[in-house]
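Colleague: no letters, just coordinates:
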C-alpha cells in the first residue's frame, strides 16, 4: 500500500471551537443522542481520551496498517485529508480525490460496485462529521464551510440522502449490500439516528462514534486504522434485527478497523 508521506499529519477532523464551547456543548450533545433512540445510554464524562501511544500499540503487538491485507468491499472518502485516503485504501475498491467528493459521487460508486461486482460486503465511509457546537450531526462531507452546502451524504434534506436516494437505490436493486455486511464511518459526531437509519436502510451493521474521531498520530500513518473518540464519546455498533429494530452495542473509546 502506498504511504502518504507528502500529506501533512496536522489535519483537523471536526469543526474548530473554543474550549468553553466544548464543555458547554456536552449537555446538548448528550440530550440529542439520548433522544435519537430509546436505547439506554452509558454515562459519559467530559474528559479527553488518553490514547495509546505508537509505542504502546507496538508493545501490544498491533501491526502496521500497511501490512494489513486489502479487505473486500468499497472505501469512499468524502474528505481530502491523507488519513481518509489511507483508510479507504485499505479496501480492495476505493475512491478518493484531493479536491474532495460529494454524496452523489458516493451513490455513484455504490451503483458502480454493484453493477461490476455484485453485493457490497464491507463499506467504509471517511470524511468530516460535525463538531459538538454545530447542532445536529446528520451529515458526512469534505469539511468545508457549512459542511459543503448540502453536497455531503446526509440523513435527509437536500443533496444525497440516506432516507431518500440510498433507500430508493436499495429498493430498485441498483445498490445491493450482501446479507452479512458491515459499514464503518470514520467521521466525527455521528448521531444515533443517522447510524440506525443507515443500518435499517442497508441491512448492514454500522460502526460509528458520537463525538470526535481521529487515529493515532504518526508521521507516516502506520496506525491510521486505530480510531479514537474523546470527551465522553463512544464508538457503537448498530445491528438490524429481524423485528425491524436496531440493536446498539457500546464498543468503547477505541476501535481498530479490521472487518475480517
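Modeller: Happy to help now that I have it. What you see is a predicted model; the values in this text were computed from it and never measured.
Colleague: thought residue 210 was touching residue 191?
Modeller: Yes: Residue 210 is in contact with residue 191 according to C-beta atoms under 8 Å; the separation is 7.4 Å. Where C-beta positions appear, they are placed from N, C-alpha and C, glycine not excepted.
Colleague: when these two are compared, which one has more neighbours?
Modeller: A count of neighbours by other C-beta atoms under 10 Å puts residue 210 above the other of residue 210 and residue 191, at 28 against 23.
Colleague: what's the local residue count around the closest residue to that one other than its chain neighbours?
Modeller: Spatial nearest neighbour of residue 210, excluding adjacent residues (C-beta to C-beta, 6 or more residues apart in numbering): residue 233 at 4.7 Å. Counted by other C-beta under 10 Å, the residues lying close to residue 233 total 23.
Colleague: repeat that for the one 3 residues further on.
Modeller: Neighbourhood size, residue 236 [other C-beta under 10 Å]: 25.
Colleague: measure the residue most central in space within the chain to residue 161 for me?
Modeller: Closest to where the C-alpha atoms of the chain average out (C-alpha atoms, centre = their mean) is residue 185, at 1.6 Å. Here the criterion is C-beta to C-beta, to the nearest Å. By it, residue 185 lies 15 Å from residue 161.
Colleague: which residues touch residue 184?
Modeller: For residue 184, the contact set (C-beta atoms under 8 Å, 6 or more residues apart in numbering) comprises 122-125, 206-208, 257, 259.
Colleague: for residue 125, give me phi and psi.
Modeller: When read as degrees, to the nearest 10, the backbone of residue 125 gives phi -110, psi 130.
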